[in-house]
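kindly generate the corresponding structure for this input.
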Amino acid sequence: MLTLKRLAVWFAETSLEVLLLGLALIALFGYDQHAFFRSLVAYATGIILFSFTTGYLLTTAVARGAWRGEQWWSYSAIAVGLFLVHSEIFFVISGGSKRPEQFSIQVAGACIVFACTLAGSFVLRKWAPARGRVEHP
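Numbers count the residues shown, from 1 in each chain. The predicted structure follows:
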């Protein structure tokens, strides 16, 4: 049951990451002034494509489901590391963006991933306390 809760939190984190990364890309690179929502959907679709092609979704799902670290920030650090590794893989494979653009995307993405996973870790601690902290009636 705890693994299902962890994966539900992972899904919420990932969905929020996609939305916020899409907004960050709009802020960094602009959007169609007549179709903001269409631009957001296009960026979000690109982010989801990046996530599937590099294996980011799979590795973060496995990490969230299996990680049992005691530190409140430990999974967030792992997720940021995974994001940076997978974004570098994506940039090497695609070869399309310049180094300053890559750096901007990676910094914004790392901050977003850290914030979303940190919030998810706090939610998970409230929703599913550690075994040592479970109170018995």
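
ranking helices and strands of the chain by mean pLDDT, which lands last?
For the chain, counting by mean pLDDT, DSSP states H and E, helix 56-66 ranks last in confidence among helices and strands (a mean of 84).

for the next helix or strand after that one, packing partners?
Heading C-terminal from helix 56-66, the first helix or strand you meet, by DSSP states H and E, is helix 74-94. With contacts defined as 3 or more C-beta pairs under 8 Å, 6 or more residues apart in numbering; DSSP states H and E, the secondary structure elements packing on helix 74-94 are helix 36-54, helix 56-66, helix 99-127. Where C-beta positions appear, they are placed from N, C-alpha and C, glycine not excepted.

would you turn these into a markdown table with distance to Val80 and mean neighbour count?
As requested, these are arranged in a markdown table below (distance: least, C-beta to C-beta, whole Å; neighbours: other C-beta atoms under 10 Å):
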| stretch | distance to Val80 | mean neighbour count |
| --- | --- | --- |
| helix 36-54 | 15 | 16 |
| helix 56-66 | 10 | 17 |
| helix 99-127 | 5 | 16 |
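
redo those helices as JSON lines? Include distance to Ile26.
Supplementary listing: the helices and strands packed on helix 74-94 in JSON lines, determined by distance: least, C-beta to C-beta, whole Å:
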{"stretch": "helix 36-54", "distance to Ile26": "6"}
{"stretch": "helix 56-66", "distance to Ile26": "20"}
{"stretch": "helix 99-127", "distance to Ile26": "11"}
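
Leu19: which of those helices is closest?
Taking C-beta to C-beta, helix 36-54 is the member of the helices and strands packed on helix 74-94 nearest to Leu19, at 6.8 Å.

what about the chain, any weak spots by pLDDT?
Applying pLDDT under 70 to the chain flags the ranges 1, 96-97, 128-137.

so which of the helices and strands packed on helix 74-94 gets nearest Trp73?
Comparison of those against Trp73 by C-beta to C-beta identifies helix 99-127 as nearest, at 6.5 Å.
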